[in-house]
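> got a structure for you, letters missing:
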């Protein structure tokens with residue numbers, strides 16, 4: 001029985017490692033896809049008065065739990081997730097868009113890619129990798145790039 005447990009562990013480990021591409025391969029694919037279209041693209045900005053921002057400089061009308069209506073009645077906040085691979089190892093593309101509701105014009109978008117999992121099985125949380133970094137190309141970065149605080153009446 002003592003030799004059976006290490007044998008079962010070794011068999012599980014070999015099976016897990018042989019079940020798909022490794023983390024390094026998926027991370028390389030994330031970097032490749034990121035180089036193609038990752039990042040923030042802003043086509044139009046909006047100047048807003050100071051009362052539309054909180055004390056941290058973030059817009060105060062963003063409600064992420066409201067789906068496409070997260071930015072109120074003037075803008076559509078569209079979220080698209082595409083899984084290239086899911087299961088023990090995930091490869092995903094996140095795309096966030098801000099669209100002017102009245103005209104349907106795309107104001108800005110951000111695209112990022114991520115890998116999750118691909119680790120040796122165990123009780124720990126799986127690792128992940130994202131490109132570009134969510135602080136640079138996530139939804140909050142997109143909002144900050146589009147909605148700009150007016151300079152207390154001194155700006156145009």
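Good, I have the coordinates. Only a predicted model underlies this, so the values are computations on that prediction, with no experimental measurement involved.

> going along the chain, name the strands of the chain.
39-42, 46-48, 75-85, 89-100, 105-117, 128-131, 147-149 (DSSP state E).

> give me the distance from the fifth one to the chain's centre.
The chain centre lies 6 Å from the centre of strand 105-117; the measure is Cα atoms, centre = their mean, to the nearest Å.

> same question for the third one.
Counting by Cα atoms, centre = their mean, strand 75-85 is centred 9 Å from the centre of its parent chain.

> just the mean pLDDT for that strand, thanks.
Here strand 75-85 scores 97 as its mean pLDDT.

> so what secondary structure elements neighbour that strand?
strand 89-100 (3 or more Cβ pairs under 8 Å, 6 or more residues apart in numbering; DSSP states H and E). All C-beta spots, glycine's among them, are computed from the backbone N, C-alpha and C.

> show me what the strand it packs on is packed against.
For strand 89-100, the elements it packs on are helix 23-37, strand 75-85, strand 105-117, helix 139-146, judged by 3+ Cβ pairs under 8 Å, 6+ apart.

> tell me which residues of that strand come out buried.
Buried residues in strand 89-100, counted by 16 or more other Cβ atoms under 10 Å: 89, 90, 91, 92, 93, 94, 96, 97, 98, 99.

> for the first one, what are its contacts?
What that stands for is residue 89. Listed by Cβ atoms under 8 Å, 6 or more residues apart in numbering, the contact set of residue 89 reads 20, 21, 23, 26, 115, 116, 117, 118.

> repeat that with 10 Å
19-23, 25-26, 115-119, 126 (Cβ atoms under 10 Å, 6 or more residues apart in numbering).

> relative to residue 27, how far out is it?
Shown here: residue 89 relative to residue 27, a distance of 11 Å by Cβ to Cβ, to the nearest Å.

> pull up the overlap in contacts between those two.
Here residue 89 and residue 27 share the contacting residues 21, 115, 118, scored by Cβ under 10 Å, 6+ apart.

> still on that earlier bit, which of the contacts of residue 89 has the largest number of neighbours?
Counting neighbours by other Cβ atoms under 10 Å, residue 115 comes out on top of the contacts of residue 89 with 27 neighbours.
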